[in-house]
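**Q** Below are the sequence and a predicted model; questions follow.
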Amino acid sequence: MQDNIRFAWFEDQLILLNIAGDTYTVLSAEHSRKLLLHARTVAERTADFGIFCTQLSDFAIESITSNRRIHYTGVSQNCWRLMKQDVSTPHCTTLVLLALRALHLVHQRSAVRRLAGLKQLIERAQVRRELTPKCELGELVRALNAACMLYYRKTKCLEWSGALALVGYRFGYDLRLIVGVQNRPFYAHAWIEHEGHTVGDDPDLRKQLAVILEIN
């Protein structure tokens, strides 16, 4: 279970993500401070763990104690959706079919095995990634946007990002799926980065949201 838990600081509060069930928990500022002190104690003393800290992985302890950044701008709109103006006709209809297949795989995996299953799917596809890009990344984005409009289920940011990762690996791009969070109000958003730059989304997302998960 401990490998499924991720932590991120947003201002003075810790946010927990359980990727096994796609559930988030926002700790109060007081509880966040207590957990920070507790994790620091565990980091300094490897013996005599508390009951709660025995459930924390080394990665979790590190993220609690060192991944603290107070100032994020946050986002003002608590939704993500693909608009018609985001869609333009791709040059190759084969790309749309490939994007549809990737979209279907992502929807199936995330519906059955949640974010943990999607993470596994993406990591396995990354291992088989082509070494040389064979298509413009912007063209892959256009194909995926068109596929989303054709697909029978509504696609959210997580499915969009997962599908782009799968298609991108097939065409030689080393992409990274990021999940960011905020509090007051709570909001979680997924996006794709390539060589440190956001693909097909707001370029300032890392300034707006606290990164709680990276898949690459």
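**A** Okay, I see it.
**Q** So for the longest helix along the chain, what gets flagged as buried?
**A** Longest helix in the chain, counting residues (DSSP state H): helix 93-127. The neighbour-count check on helix 93-127 (16 or more other CB atoms under 10 Å) flags 95-96, 98-100, 102-107, 109-110, 114-119, 121-122, 125-126 as buried. C-beta: built from backbone N, CA, C; applies to glycine.
**Q** Which strands or helices does it pack on?
**A** helix 137-150, helix 157-170, strand 210-215 (3 or more CB pairs under 8 Å, 6 or more residues apart in numbering; DSSP states H and E).
**Q** Of the ones you listed, which is nearest residue 37?
**A** strand 210-215 (20.0 Å; CB to CB).
**Q** Give me whichever of the helices and strands packed on helix 93-127 is most buried.
**A** helix 157-170 (a mean of 24; mean count of other CB atoms under 10 Å).
**Q** So for that one, mean pLDDT?
**A** The average pLDDT for helix 157-170 rounds to 97.
**Q** How about stretch 117-124?
**A** 96.
**Q** The worst-scoring helix or strand of the chain on mean pLDDT versus strand 210-215: what angle between them?
**A** In the chain, no helix or strand scores lower on mean pLDDT, DSSP states H and E than helix 58-66, which sits at a mean of 81. Calculated by axes from the mean of the first three to the mean of the last three CA atoms, to 10 degrees, helix 58-66 forms an angle of 150 degrees with strand 210-215.
**Q** For the residue nearest the centre of the chain, what is the enclosing helix or strand?
**A** Centroid-nearest residue in the chain: residue 179, 2.7 Å away (criterion: CA atoms, centre = their mean). Taking DSSP states H and E as the definition, one finds residue 179 inside strand 175-182.
**Q** what's that strand in contact with?
**A** By CB atoms under 8 Å, 6 or more residues apart in numbering, the residues outside strand 175-182 that reach it are 8, 10, 15, 17, 24, 72, 74-75, 122, 158, 161-162, 164-165, 168-169, 187-194, 199, 205-206, 208-216.
**Q** Then stretch 107-115?
**A** Counting by CB under 8 Å, 6+ apart, 17, 19-22, 117-118, 120-121, 151, 153, 155, 158-159, 162, 213 sit against stretch 107-115.
**Q** re the thing from before, what is the distance between the longest helix of the chain and the centre of its chain?
**A** Relative to the centre of its chain, helix 93-127 is centred 14 Å away, using CA atoms, centre = their mean, to the nearest Å.
**Q** Residue 6 should be in a helix, yeah?
**A** No - counting by DSSP: H, G, I helix; E, B strand; the rest coil, residue 6 falls outside a helix, being strand.
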